[in-house]
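>>> Turn this into a model:
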Amino acid sequence: MKLSSIIKQSIIALKANKLRSAISVLGIVIGVGAVVLILSLGQGLKGLVTNEVEAFGPNLLDIAVKIPGTGQMGTLTSMVQGIKITTLNLDDVKDLQDKSRFPYIEAVSGQAFGQEWVTYENKEKKVLFYGCNADFPVIYKMAGAANGRFFNEDENDSLAKVAVLGSGLAEEFFGQADPLGKKIKLKGQNIKVIGVLEPQGMFSSFGGIDMNDFVYLPLQTVLKEVLGIDYLSEIILAVTGEEYLPQAKEEIARLLRRNHNIIDPDKDDFIITTMGEILEQVNEISVILNLLLGFLAAISLLVGGIGIMNIMLVSVSERTREIGLRKSLGATRKDILRQFLVESLVITGLGGFIGIFLGIASSLAGGIAARTQGLSWPLTISWLAILIAFSVSVAIGLIFGLYPARKAAQLNPIEAMRKD
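Numbers count the residues shown, from 1 in each chain. Purely as a prediction, here's the structure:
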């Protein structure tokens, strides 16, 4: 029997049980759509984080605190539990600013931050304040001033109570009025506004915190006047070219060990990371996350496949007399096998196409929704996910349709004709 005739008969058989066929298709639609959606959103998330990291540029180094003898994860866990590491300090920043020692370092900024209520007249908001050096705009090139200026190193050294506002906070507090020269209040202290930054994106890696609501203050003002501490959370610096990164890591590590009285490198209380290494970590995490989420989504495809096998077995049972009649009229085992396999493939193929369409639509809708919330989310469609999801759906049609098809093909035509 020709394949076209088999396909035609299979479609007629599926139409005869529309509700059952629709339920079978729905299981595949959900599975394929979930695979496409999850992997596309995962790829978009990776692109978002990558874009944010790359905004700093490839020639940056990040110096973070670390508990001696532990890895990054152990340190993060300990910090969440309340352990504070206080070895990174202003002396380290000053040494790194020494051009005679580090001529290839272009800019250095220590970091300290916290969260406080900020008020202006009758308006108030709890925001993140960020203490940094005057070099911060050189390091983070997106931190350009839209109005006014950034504070200078003299203001940092003199503990000046000045601030640069994120664009969102400035608009919320001052509207269309000029904020320059106005004073906001933070932790009971009057802070003069000297600048407003250009609109920023949102850092998904920090839980979607909107940088447009930040208050930027001189580092020493934050340490001594706001937080009352003498240590830093991080130091970030830019070198004049990527070729200096290996040399910088080695020489900075040597400096910090001397400053912190460390002899054994295994006892380092700091970790130095390049932007390239951060991107590698993001890629590794993204691969693991996509595999995990893809596996979870694939479970729904497996469930859909089991549903197809169950329904095809029911179909074989109901159509026993039809199978016997067709065999008595000359249909071979191969013809019967093909018909039931084609029916299974039609179900999974149709479900695959619909699932792909819904997965793509959902991915684009999710990306658009993220952009409306201020995230620079890339509208990404994972074509690899589409190929994999559709291939798996077809494979499921073959695998889970094979047993019912073989069972139908092996029926004895005389016994099948006798069955009520």
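
>>> Quick check, G359 in contact with G33.
Yes - if you go by CB atoms under 8 Å, G359 and G33 touch, sitting 4.2 Å apart. Where C-beta positions appear, they are placed from N, C-alpha and C, glycine not excepted.

>>> Which residues are in contact with each of those two?
Shared contacts of G359 and G33, defined by CB atoms under 8 Å, 6 or more residues apart in numbering, are absent.

>>> Please pull up the helix or strand immediately following the regular element (helix or strand) spanning G324.
Assigned by DSSP states H and E, G324 belongs to helix 320-328. Reading on from helix 320-328 to the C-terminus, the next helix or strand found by DSSP H and E is helix 333-372.

>>> starting at the chain centroid, how far to that next one?
Taking the mean of its C-alpha atoms, helix 333-372 sits 26 Å from the chain's own mean (CA atoms, centre = their mean, to the nearest Å).

>>> again, but for stretch 33-42
12 Å.

>>> pLDDT averaged over it, what's the number?
The average pLDDT within stretch 33-42 is 78.

>>> Same check on stretch 368-385?
Mean pLDDT, computed over stretch 368-385, is 68.

>>> And it, end to end?
Across its full length, stretch 368-385 reaches 20 Å between end residues, using CA to CA, to the nearest Å.

>>> Now name the helix or strand holding the residue nearest in space to the middle of the chain.
Central residue of the chain (CA atoms, centre = their mean): L45, 2.9 Å from the mean position. Assessed by DSSP H and E, L45 sits inside helix 18-54.

>>> could you point out which element follows that helix?
The helix or strand immediately downstream of helix 18-54 is strand 60-65, counting by DSSP H and E.

>>> What is that following strand packed up against?
Identification of packing neighbours for strand 60-65 by 3 or more CB pairs under 8 Å, 6 or more residues apart in numbering; DSSP states H and E yields strand 234-239, helix 245-259, strand 270-274, helix 275-318.

>>> rank these by pLDDT, which is bottom?
helix 275-318 (a mean of 74).

>>> by contact count, what packs against that one?
Helix 275-318 sits against helix 18-54, strand 60-65, helix 333-372, helix 383-409, with contacts defined as 3+ CB pairs under 8 Å, 6+ apart.

>>> please redo it, this time with the cut-off set to 7 Å
Here helix 275-318 touches helix 18-54, helix 333-372, helix 383-409, going by 3 or more CB pairs under 7 Å, 6 or more residues apart in numbering; DSSP states H and E.

>>> wait, which of the ones you listed is closest to E243?
helix 18-54 (18.4 Å; CB to CB).

>>> The closest one: which residues count as buried?
By 16 or more other CB atoms under 10 Å, the buried positions in helix 18-54 come out as 20-21, 24-25, 27-50, 52-53.

>>> again with stretch 240-256
244-245, 248-249, 251-253, 255-256.

>>> Take those residues and write them to a markdown table, including distance to E284.
Supplementary listing: these in a markdown table, determined by distance: CB to CB, whole Å:
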| residue | distance to E284 |
| --- | --- |
| Y244 | 25 |
| L245 | 20 |
| A248 | 24 |
| K249 | 20 |
| E251 | 28 |
| I252 | 24 |
| A253 | 23 |
| L255 | 29 |
| L256 | 26 |
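
>>> from those, which single one is nearest N290?
Distance to N290 across the buried residues of stretch 240-256 (CB to CB) is lowest for L245, with 28.7 Å.

>>> Would you check that the closest one makes contact with E251?
No - L245 lies out of contact with E251 (CB atoms under 7 Å); the separation is 11.1 Å.

>>> Which pLDDT value belongs to the closest residue to G276 other than its chain neighbours?
Spatial nearest neighbour of G276, excluding adjacent residues (CB to CB, 6 or more residues apart in numbering): P58 at 6.3 Å. You'll see P58 listed with a pLDDT of 77.

>>> quick one, phi psi at P58?
Dihedral angles of P58 (phi, psi; degrees, to the nearest 10) stand at phi -80, psi -10.

>>> contacting residues for it?
Taking CB atoms under 7 Å, 6 or more residues apart in numbering, we find P58 in contact with 242, 275-276.

>>> and if we set it to 8 Å?
Per CB under 8 Å, 6+ apart, neighbours of P58: 242, 274-276.

>>> next one: F150
134, 136-137, 143, 164, 194-195, 216.

>>> Leaving out chain neighbours, which residue sits closest to it?
Nearest to F150 is P137, by CB to CB, 6+ apart, at 5.2 Å.

>>> same deal with D135?
In space, D135 is closest to A107, 3.6 Å off (CB to CB, 6+ apart).

>>> Equivalent analysis for I252, please.
Using CB to CB, 6+ apart, the closest residue to I252 is I272 (6.1 Å).

>>> show me the contacts for that neighbour.
Per CB under 8 Å, 6+ apart, neighbours of I272: 61-63, 249, 252-253.

>>> make it 6 Å
61, 63, 249 (CB atoms under 6 Å, 6 or more residues apart in numbering).

>>> May I have the secondary structure class of G168?
Three-state call for G168 (DSSP: H, G, I helix; E, B strand; the rest coil): helix.

>>> show me where pLDDT drops low in the stretch 51-200 of the chain?
Applying pLDDT under 70 to the stretch 51-200 of the chain flags the ranges 52-56, 69-83.

>>> hmm, try it at 50
73-81 (pLDDT under 50).

>>> That one: strands as residue ranges?
In the stretch 51-200 of the chain, the strands defined using DSSP state E, counting those that start in this stretch lie at 60-65, 105-120, 123-132, 145-148, 162-165, 183-186, 189-197.
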